[in-house]
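J.: Next one to model:
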Amino acid sequence: MGESKRRKSAPAAGAEEQCKEFVASLSEEEIMLLRLRDELYDGRWDAMLADLNDRLQGKPYVFKLAHRIQDDIERIERLNRFERQYNVDLARYI
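T.: Model prediction:
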């Protein structure tokens, strides 16, 4: 099963505050990526990363970001790691 858009369960006890603190520390670019993931990619990091990598390789792509694809890929990996670690959807907190 792919990483389809789904509302992840509530974070484990004590993780709620960590999620709020993490989201409060996010840059504008990271918040934008969370919003675009949900709006353009059905909540799927894998689809968003594939799109960015296609752009880097000169293949057809959807996601249009100027001059910062590698930075966005690193941001996405960081956000995705946090979501997997705490089993949360960070978009709930923005």
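J.: as a whole number, average confidence for stretch 40-55?
T.: In this model, stretch 40-55 has a mean pLDDT of 89.
J.: buried residues in that stretch?
T.: Neighbour counts over stretch 40-55 (16 or more other Cβ atoms under 10 Å) mark 41, 43-45, 47-52, 55 as buried. Every residue, glycine included, has its C-beta placed from N, CA and C.
J.: same thing with stretch 76-93?
T.: 76, 79-80, 82-83, 86, 88-91, 93.
J.: so of these, which ones are in helices?
T.: Those of the buried residues of stretch 76-93 mapping onto helices are 76, 79-80, 82-83, 86, per DSSP state H.
J.: how about the helices of the protein, start to end?
T.: 15-24, 28-40, 45-56, 69-86.
J.: and for stretch 23-36, what are the contacting residues?
T.: 48, 63, 68, 71-72, 75-76, 78-79, 90-91, 93-94 (Cβ atoms under 8 Å, 6 or more residues apart in numbering).
J.: Select, from those, the two members most distant in space.
T.: The largest separation in these, counting by Cβ to Cβ, is between 68 and 93 at 23.5 Å.
J.: thinking again about what came up before, from the ones in helices among the buried residues of stretch 76-93, which single one is nearest residue 16?
T.: residue 86 (9.1 Å).
J.: Brilliant, that's me finished.
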